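Trainee: output the structure for:
(2 chains)
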Amino acid sequence: MTRPRAVEQTPAARANLPDRAWAAVLTVLGLAVLAVAAMIIAELLRVGGPALKHTGLIAFVGNSVWDVTRDVYGALPFIYGTLVTSGVALVLALPVSIGLALFLTEMAPARMRSIVSFPIALLAGIPSVVYGLWGLFVLVPILRNPIEPLLARTHLPIFTGAPIGLGYLAAGVVMAIMILPTITSIAIEVLQTVPGALREAALALGATRWEAIRIAVLPYARAGIVGATMLGLGRALGETMAVTMVIGNSPTIRASLFAPGYSLPAVIANEFAEASGDMQTGALAALGLLLFAVTVLLNIAARVLVRMSRRGPARVAA
Amino acid sequence: MKKIILIATLLSSAAFADKLLINGAGATFPFPIYSKWFSEYNKLHPDVQINYQSIGSGGGIKQITEKTVDFGASDAPMSAEEMGRAAGIQHIPTVMGAVVVVYNVSSISELRLSPETLAGIFLGKITRWNDPTLAKDNPKAKFPDAAITVVHRSDGSGTTSVFTDYLAKVSPEWKAGPGQGKSVNWPTGLGGKGNEGVTGTVKQTDGGIGYVELAYANQNKLTPAELKNHDGAWVKASLESVSAAAGKAEIPDDYRVSITDAPGKDAYPISGFTWLLVYKDQPDAQKGDALVRFLWWAIHDGQKMAAALDYAPLPAPLVRKVEATLKSITVQGKAVLAERK
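Mentor: Sure thing, here's the model as predicted:
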C-alpha cells in the first residue's frame, strides 16, 4: 500500500516484513490446494490399492462384470455409462447453449439479456436431487411414451429395444439441462469480449448478420467456447444424484440409448454405505480414482484444445 | 489455587451429574423403531441418552469393530471374516422384518408366486406375464401378454441381502449364479435407489415387479404377492407370519442365522432379524451397565412398540433365549443383570 510502484522495488524494500509475510501466506494457500489433491489421491490409493492389485489394473478397467459377491470387479460398464451419458448431455446442451448465448449477445436487446440471464443462473442453483426427482417422475414417463417409441421409428441402432424410460437417454437429458446454465453463462462472457470492431468490419464488407457471426465472432470466441464446454462436461462427468435416479443402475454395456446403464459416481454413491469387506470398499475407492483420472485427462484435453485454437480470449477457460 | 481446585471439583461433579451418552451406529432399516426406543427410554431414564447414526450396516460393523461407538447395528449377520476382526462381539436380535414382492399388472389384483417362479423371474428366465409357470400358480388370473420388468435395489442393502438369501436357498441356479449379498450381479432388470426408488419404478412401469421391505409396502398400501413357504402353504406377509418364521427355526447362541424359507405352516418365507452388535465384555463400566439395561428393556417393553411401526416382535421363546444372553454380558468382568429373574 505504501509503495504504489511495487514493481520497481529495491532489494532493501523487498525485505519489507508485511510483504514477505503476505507472500508466504499466499504461497501456503496455493500449496494447500495441491496438498489436498495429493492427499485425496494418496487416500484413494491406500484404500483402493489392495483391490486394484487383486484385480489387476487392466482387468479392472477392461472387464465388464461387477460381481460383489464373488469379488469380481470390472469397471468398464461404469466408464462406458459415464462417457455415453456425458456425451448425450453435451450433444443436447451444446447447440442450445451456444445458440442462446449468441442470441443474447448478438441479437437480443440489452434489457432482454438481463431478464433471460436470471432464470439461467437460477437453473444452475437447483440442487441435483431435485433434477433427479423431476427426471424420475416427469421426464421418464414422457420418454417412455411418446418420445422413445417415436425415436424407435428411425431404426437407428442407438434407438432400439424396449422403451423403459429409465436409461442412458434419460440420464443424458437430465444432465443436459443441468450443464446448460454452465455453458451458456460462460459462453455469454466469452462472446462479450469479442471486439465490436471485428463485427463492424465484417458487416462493412457486406456480410449478413449470420455471416458476421460465423466469420468474425465465432472464430474469435472459439477457444473460450471450448473451455465453457469442457467445464460443462466436467460437471456432467461428476454428476451423481440425478443420474443414479434415472439411469436404471444396471452394470451392462448396450449400444441402445434406451437401455439401462450405470455411471462411475452413481455406483460409488449406491454401494459405499453398505460395502462389506475391504475388497468392495477398495474397488469403490479405485472407481473414485478412475473418475479422478477421467477428469484429469479431460482437463488436459481441454487445455490442449484451447491451446490449439488460441486466437481469442483463451484464458477465460484455462 | 484452592479456588481453582474447588471449581475443578465442582465442574467434574457437574459432568458426572450430566447425561450418560451412549453412541451407536449402523443399519438404516430399523432406524424408525430404534429412534422411538431411544426417545422412550430417555423419558424413563432421563440420565441415559442414546445417540444413533443410521449410516448403514457396513458402517455400523466397521465402527463397532474399531470401537469408535458403544454399539453397532446390522441387518445382515457379520461374516466370519468380520467376526474375526471384532473379537468378543455378540449379536442381539431386536426386531424382525420381511421383504415382500410388489408388482404392477393392471388386470391382476392377486398374485401367487412359487419359489421356482420367483427365482425364474429374477433370473430373467420368465420374461412375460403370460408364461405358463405363472398361470400354474394362479389358475384363475388373466395374465396379459406383456413383458416383465424386474426392479431391484441399486444401493447395497440388508433388504437385498435377505431377498437373495431366500432365492439362493430355494433355487440352486440362483445360488450358483448371482448368489447372496447386499449387492449382487443381477442377471436382469433395473436398479432403483432405496425402497422408494424400487416402488416408484414398479408403479410407473406396466408389468413391473420388485421387492421392498414389508414396513414400506404397508405404509404405502401396496398389495404384495403371496408366497409358497417351506411347508408348501401359501402365506401373505404380515407381522404374525413374520414372527412365525422365527418360531420353529433353530436359533444358534450367536444369533447369526438366516430364517428365510423357515419351516412352519404359517411362516412367511422371506423374513429376517435385525441385530444390535455389542461386546460381550463391556469396557466402560457406566455405559456398559446402561446399555445392557436398555437392551433388556428393548426385548421386553420395547417389543410392544414394534407392531405400530410395522416391525414384527420377537416370539416369546426367543425373548427368553435373548434374556439368557443378556445376563451373560459382563461389565469389566462382572455380570450386570445377574439379579434378574
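Trainee: thinking A:P157 is in contact with A:S256, fair?
Mentor: Yes. Proximity of A:P157 to A:S256 meets the contact threshold set by Cβ atoms under 8 Å, at 7.0 Å. To be clear about C-beta, it is placed using only N, CA and C from the backbone, and glycine gets the same treatment.
Trainee: spell out which parts of chain B neighbour chain A.
Mentor: With Cβ under 8 Å from any Cβ of the partner chain as the criterion, chain B meets chain A at residues B:55-59, B:61, B:76, B:79, B:81-82, B:147, B:149, B:154-158, B:178-186, B:189-193, B:197, B:200-201, B:204-205.
Trainee: more neighbours: which of A:P157 and A:S256?
Mentor: Per other Cβ atoms under 10 Å in any protein chain shown, whichever of A:P157 and A:S256 has more neighbours is A:S256, with 18 against 10.
Trainee: separation between that one and A:V91?
Mentor: To A:V91, A:S256 is 16 Å away according to Cβ to Cβ, to the nearest Å.
Trainee: which helix or which strand is home to B:L227?
Mentor: Take DSSP states H and E as the rule and B:L227 turns out to sit in strand B:226-228.
Trainee: quick check: mean pLDDT across the helix or strand following that strand?
Mentor: Using DSSP H and E, the helix or strand that directly follows strand B:226-228 along the chain is strand B:234-235. Mean pLDDT, computed over strand B:234-235, is 95.
Trainee: what helices or strands is strand B:234-235 leaning on?
Mentor: strand B:226-228 (3 or more Cβ pairs under 8 Å, 6 or more residues apart in numbering or on different chains; DSSP states H and E).
Trainee: partners of the strand it packs on, with directions?
Mentor: Note on strand B:226-228: by DSSP bridges, its sheet partners are strand B:112-113 (parallel), strand B:234-235 (antiparallel).
Trainee: give me the contact list for it.
Mentor: Contact with strand B:226-228 is made by B:101, B:110-115, B:118, B:137, B:234-237, B:268-270, as judged by Cβ atoms under 8 Å, 6 or more residues apart in numbering or on different chains.
Trainee: tally of neighbours for residue 137?
Mentor: Just so you know, I chose chain A. By other Cβ under 10 Å, 13 other residues sit near A:F137.
Trainee: could you do chain B instead?
Mentor: Neighbourhood size, B:D137 [other Cβ under 10 Å]: 18.
Trainee: quick one: it and chain A, what's the gap?
Mentor: Note on B:D137: its distance to chain A, by Cβ to the nearest Cβ, to the nearest Å, is 25 Å.
Trainee: what about that residue, distance to B:L111?
Mentor: Plainly put, B:D137 is 8 Å away from B:L111 if you go by Cβ to Cβ.
Trainee: what is the subsequent helix or strand relative to the strand or helix carrying A:L34?
Mentor: Following DSSP H and E, one finds A:L34 within helix A:17-55. Under the assignment DSSP H and E, the closest C-terminal helix or strand after helix A:17-55 is helix A:57-62.
Trainee: that following helix: which residues count as buried?
Mentor: In terms of neighbour count (16 or more other Cβ atoms under 10 Å in any protein chain shown), helix A:57-62 has its buried residues at A:59-61.
Trainee: ok, and what's touching that helix?
Mentor: When contacts are defined by Cβ under 8 Å, 6+ apart, helix A:57-62 is touched by residues A:51-52, A:73-76, A:79, A:283, A:286, A:290.
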